[in-house]
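# Got a predicted structure plus its sequence, pasted below:
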Amino acid sequence: MTGLPQSLTEAIAQAREATKAAIADGYTRLQVEILFSELKPMPVALEFLPVFEEYGDRLKVLFPDAGGAALARRDWKDVPFKITDIGTGRIPIDSKISPSDEIFFMIAPTSVEVTQVEQIALLVGERPLIMLNPRLEDLGAVGIGYASRQLRERFISTIESCYHLRPIEEEAAVRRAYPGSWEVWLKNGEDYEKIVELPKKPSGDDLDALLMKQQPLAATADERPSKKKSGFFNGLQRFIKALNN
């Protein structure tokens with residue numbers, strides 16, 4: 001996994017390999033983030049699910065709400081795994097977790113469900129729990145107070161980011177594929193160049209500082225005749241458009 005993926009299929013393949021490596025190394029709370037604003041989680045989840053093929057009916061797939069779970073049961077025909085929601089309704093959360101479940105895949109939980117997500121993580125114990133595109137740190141969510149912020153900080157700090165891919169407009173990208181470092185890539189002509197590797201996820205201020213230092217490189221790229229998007233963005237956006245049609 002030495003470079004940026006050239007399609008969403010390649011990105012998901014990288015995410016699957018990173019997830020398998022992290023599980024093999026003993027991590028049990030993982031997140032996979034492929035962060036494109038137009039991207040819907042269910043098609044990505046369906047592409048990602050082969051990583052769990054060996055588990056069969058010992059895999060449990062969890063959605064944030066009953067509607068999402070019902071839609072998946074309707075659209076995903078003849079799957080061997082179990083599908084449910086995380087228990088935001090009247091059904092107790094502990095009834096969602098069975099001793100026969102060996103691994104858990106949670107699709108796009110948000111800050112609204114963060115309390116239930118943490119409860120499930122506690123019930124799961126040492127069994128692997130993988131979250132796809134979680135949004136557990138939305139500080140703008142209505143009704144989130146100090147206690148909930150503390151809950152997020154306490155829980156989120158236990159989650160390992162095994163795969164992360166995020167564009168910064170069309171000029172840069174951040175990627176991490178376990179067990180590798182965090183990487184920042186900058187557009188250089190029609191391609192992307194890795195400008196730095198970091199031991200931890202860069203903050204917004206870190207990224208601003210890094211990209212400011214690289215302004216001469218960006219300026220050189222902008223002055224070139226070709227204004228086409230790179231293969232990285234073209235490939236991903238074509239796949240996203242196809243999925244959303």
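Looks like it arrived, so ask away. Numbering: from 1, shown residues only.

# only C-alpha atoms for contact and neighbour calcs from this point on.
OK.

# Tell me where the protein has strands.
Using DSSP state E, the strands found in the chain span residues 29-34, 59-63, 82-85, 103-107, 129-132, 160-168, 172-177, 182-188, 191-198.

# Lys213: how many residues sit nearby?
Neighbour count for Lys213, taken as other C-alpha atoms under 10 Å: 11.

# if we can go back for a sec, same list (the strands of the chain) but as CSV, adding distance to Pro43.
Listed next are the strands of the chain as CSV, based on distance: least, C-alpha to C-alpha, whole Å:
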stretch, distance to Pro43
strand 29-34, 12
strand 59-63, 14
strand 82-85, 15
strand 103-107, 11
strand 129-132, 11
strand 160-168, 17
strand 172-177, 21
strand 182-188, 26
strand 191-198, 26
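
# can I get those in JSON lines with mean neighbour count?
Output for the strands of the chain, formatted as JSON lines (neighbours: other C-alpha atoms under 10 Å):
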{"stretch": "strand 29-34", "mean neighbour count": "22"}
{"stretch": "strand 59-63", "mean neighbour count": "23"}
{"stretch": "strand 82-85", "mean neighbour count": "20"}
{"stretch": "strand 103-107", "mean neighbour count": "22"}
{"stretch": "strand 129-132", "mean neighbour count": "23"}
{"stretch": "strand 160-168", "mean neighbour count": "21"}
{"stretch": "strand 172-177", "mean neighbour count": "23"}
{"stretch": "strand 182-188", "mean neighbour count": "22"}
{"stretch": "strand 191-198", "mean neighbour count": "15"}
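
# Leu151 is nearest to which of those?
Of all the strands of the chain, it is strand 29-34 that lies closest to Leu151, at 15.9 Å by C-alpha to C-alpha.

# Contacts for that closest one next, please.
Identification of contacts with strand 29-34 by C-alpha atoms under 8 Å, 6 or more residues apart in numbering yields 11, 15, 19, 121, 128-134, 158-166.

# re the thing from before, any chance of TSV for the strands of the chain, columns mean pLDDT?
What follows is the strands of the chain, written out as TSV (pLDDT from 0 to 100):
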stretch	mean pLDDT
strand 29-34	97
strand 59-63	97
strand 82-85	94
strand 103-107	98
strand 129-132	98
strand 160-168	95
strand 172-177	94
strand 182-188	91
strand 191-198	90
